[in-house]
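[1] coords please:
(one chain, ligands or ions: 1)
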Amino acid sequence: MVAPRLVNVVQAVDNTFLLIFGLSALLLLGITVAMIWFVIRYSRKNNPTPATFSGNFWAELIWILAPTLLVMGMFYSGWHSYRALRDAPPGAMQVKVLAHMWAWDFEYANGRHSPELVVPVGVPVGLSVTSSDVLHGFFAPAFRIKIDAVPGMTNHAWFRADKAGEYVIFCSVYCGVGHAKMLSAIKAVSQEEFDRFMAGKPAASKPDGRAIAEAQGCLGCHSLDGSVIVGPSFKGLFGTKSLAKDGAPVDRAFVAALLHDPAARLGKATMMPAYPALTAADREALVNFLESLGVKPGSAGQGTAGGGRP
Ligand SMILES: [Cu+2]
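    Next comes the predicted model:
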């Protein structure tokens, strides 16, 4: 009984696709050939006097049974691959997937958060997918996973990366202006590298503010070139009057408070989500990055490339 549950999801989904595609191609060919034959065989030229028909039991039975069996076969194959995708094998590593406008957050059993889904090669990974705001879709084409992220509801899927590498994650449901930027990656790494990741030792010695802004989805709402997407552009923002009710200037303390609880700091409702999972070092790097973009126009720190440190 265990065997069918361990069916490779990629294989199961591909088999269903090929089955439906093959049957569709076969039907298209059969129907087209039959149609052409009927047009010629029963044309008015070949049949000057119209024929009369009075039903045929066997013909009717066949055209009821054959499509029914075909469609049931497609259903069975689809159901089988759906089960293969839904039912994670026992003992799979569990990861909570939270979609928000416009980034992904992956939470591991030990409480570690990551904007990318880092997994060890060869280990089944169970995903519990949900959203904190609007409808999103978790789409990892390499693993044939496409599952809705719905606020207030948890959907499940699983996969196993058999080869080390980086596999792209998209959002498959249009979710607002930052939708196209809602990208992330499944990073399949060796067990040792994964253990290092879980222990929280970052590969880079110093966090890069621009990379964090990208990974956290900040750039979905805040441009770096002065244009307004949803929120104010990061360019030249530091030191200016904020949109908060109290009109406080955008400074280090303001940005830190904003990341912690945006609505409370602004004193009004906002689309901006909180980022409680950011480490202190990440937050500082992010604030440094903003500061580097906020210096007086014309001087250094346009922030168009590199880490953008002042
Ligand atoms: Cu989305």
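
[2] remind me which residues of the stretch 101-250 of the chain are low pLDDT?
    201-207 (pLDDT under 70).

[3] quick one, helices of it?
    Taking DSSP state H, counting those that start in this stretch as the criterion, the stretch 101-250 of the chain carries its helices at 191-198, 209-215.

[4] nearest to Pro90, out of the ones you listed?
    helix 191-198 (19.6 Å; Cβ to Cβ). Every residue, glycine included, has its C-beta placed from N, CA and C.

[5] so how far is that closest one from its chain's centroid?
    Offset of helix 191-198 from its chain centre (Cα atoms, centre = their mean, to the nearest Å): 23 Å.

[6] in it, what counts as buried?
    Under the neighbour-count criterion of 16 or more other Cβ atoms under 10 Å, helix 191-198 has 193-194, 197 buried.

[7] any chance of these in JSON lines, with distance to the ion too?
    JSON lines is the format used below for those (distance: Cβ to the ion, whole Å):
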{"residue": "Glu193", "distance to the ion": "29"}
{"residue": "Phe194", "distance to the ion": "27"}
{"residue": "Phe197", "distance to the ion": "25"}
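
[8] nearest residue to Thr130 other than its sequence neighbours?
    Nearest residue to Thr130, sequence neighbours excluded (Cβ to Cβ, 6 or more residues apart in numbering): Thr154, at 4.9 Å.

[9] can you tell me how far Met35 sits from His113?
    Met35 is 59 Å from His113, where distance means Cβ to Cβ, to the nearest Å.

[10] quick one, which of the two is more surrounded?
    The residue with more neighbours, out of Met35 and His113, is His113; 15 against 10, by other Cβ atoms under 10 Å.

[11] count of residues packed around the closest residue to the more buried one other than its chain neighbours?
    Distances taken as Cβ to Cβ, 6+ apart put Ala277 closest to His113, at 3.7 Å, once the chain neighbours are dropped. Burial measure for Ala277: 15 neighbouring residues, criterion other Cβ under 10 Å.

[12] for Gly111, see how far away Ala277 is.
    According to Cβ to Cβ, Ala277 and Gly111 sit 9 Å apart.

[13] can you check Gly267 too?
    Distance of Gly267 to Gly111, computed by Cβ to Cβ: 31 Å.

[14] neighbour-wise, which of the two wins?
    For Gly267 versus Gly111, neighbours defined as other Cβ under 10 Å are more numerous around Gly267 (13 against 7).

[15] is it true that the more buried one touches Ala244?
    Yes: taking Cβ atoms under 8 Å as the definition, Gly267 is a contact partner of Ala244 at 5.8 Å.

[16] who are the packing partners of the helix or strand harbouring Ala34?
    Using DSSP states H and E, Ala34 sits in helix 9-41. On a contact count with 3 or more Cβ pairs under 8 Å, 6 or more residues apart in numbering; DSSP states H and E, helix 9-41 meets helix 57-86.

[17] what angle do the helix it packs on and helix 9-41 make?
    160 degrees (axes from the mean of the first three to the mean of the last three Cα atoms, to 10 degrees).

[18] show me which residues of the helix or strand just after helix 57-86 are buried.
    Beyond helix 57-86 in the direction of the C-terminus, DSSP H and E gives the next helix or strand as strand 93-100. Across strand 93-100, burial judged by 16+ other Cβ under 10 Å covers 93, 95-100.

[19] do the same with stretch 221-237
    Those would be 221-224, 229, 231-237, for stretch 221-237 by 16+ other Cβ under 10 Å.

[20] what's in contact with it?
    101-102, 176-178, 213, 218, 220, 243, 250, 271-272, 289-290, 293-294, 297, 302-304 (Cβ atoms under 8 Å, 6 or more residues apart in numbering).

[21] can you tell if it touches the ion?
    No: using Cβ under 5 Å from the ion, we find that stretch 221-237 stays clear of the ion, coming within 12.8 Å at best.

[22] okay, how far is it across that stretch, tip to tip?
    Terminal residues of stretch 221-237 lie 14 Å apart, using Cα to Cα, to the nearest Å.

[23] contacting residues for Pro115?
    Taking Cβ under 8 Å, 6+ apart as the test, what Pro115 contacts is 103-106, 184, 215-217.

[24] can you report phi and psi for it?
    Backbone geometry at Pro115, expressed as degrees, to the nearest 10, gives phi -80, psi -10.

[25] and it, how far from Val255?
    Here the criterion is Cβ to Cβ. By it, Pro115 lies 18 Å from Val255.
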